[in-house]
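J.: Sequence plus the predicted model coming up.
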Amino acid sequence: MQSDYSNHLIRHIILSSSVVSTLAGQTGSSGSTNGVATISKFNNPVGIALDAAGTFAVVVRRRARGDHAQRN
């Protein structure tokens, strides 16, 4: 998995076949909406944490008002 900062997406990349797919977010549409797949919106995601069950949390850049956002 890879965060796509400028497009506000979480991507899945298969290096052996050069296949890139979108797991979460809406291309070019920033926001802070919790949800699954393309319902989710992120504001410049910068990191991803993955647990043993396959659940991932997304870390987004610091917002203008000074808080952090992290969602599952």
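T.: Arrived safely, thanks for sending.

J.: what's the neighbour count on Asn43?
T.: Around Asn43 there are 18 other residues, counting by other CB atoms under 10 Å. All C-beta spots, glycine's among them, are computed from the backbone N, C-alpha and C.

J.: for the residue nearest in space to the middle of the chain, what are its contacts?
T.: Nearest to the geometric centre of the chain sits Ile10, at 3.6 Å (CA atoms, centre = their mean). Counting by CB atoms under 8 Å, 6 or more residues apart in numbering, Ile10 makes contact with 1-4, 22-25, 40, 42, 45, 48, 56, 58.

J.: hey, what's it bridged with?
T.: Ser3, Ala24 (DSSP bridges).

J.: how far away is it from Ser29?
T.: Going from Ile10 to Ser29 by CB to CB, to the nearest Å gives 13 Å.

J.: Equivalent analysis for Asn7, please.
T.: Asn7 is 9 Å from Ser29, by CB to CB.

J.: Tell me which of the two has more neighbours.
T.: Asn7 (18 against 14).

J.: now that one, what's its secondary structure?
T.: Applying DSSP: H, G, I helix; E, B strand; the rest coil to Asn7 yields a three-state assignment of coil.

J.: Contact partners for it?
T.: Asn7 touches 25, 27-28, counting by CB under 8 Å, 6+ apart.

J.: all helices of the protein, in order?
T.: Under the criterion DSSP state H, the chain carries no helices.

J.: pLDDT weak spots in it?
T.: Within the chain, the segments meeting pLDDT under 70 span 62-72.

J.: mind running it again at 50?
T.: 65-72 (pLDDT under 50).

J.: rewinding a little: may I see the contacts of Asn7 organised as TSV, with neighbour count added?
T.: Converted to TSV, these look like this (neighbours: other CB atoms under 10 Å):
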residue	neighbour count
Gly25	26
Thr27	10
Gly28	9
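
J.: Looking at the residues you listed, which one is closest to Ser18?
T.: The closest of the contacts of Asn7 to Ser18 turns out to be Thr27 (CB to CB; 18.9 Å).
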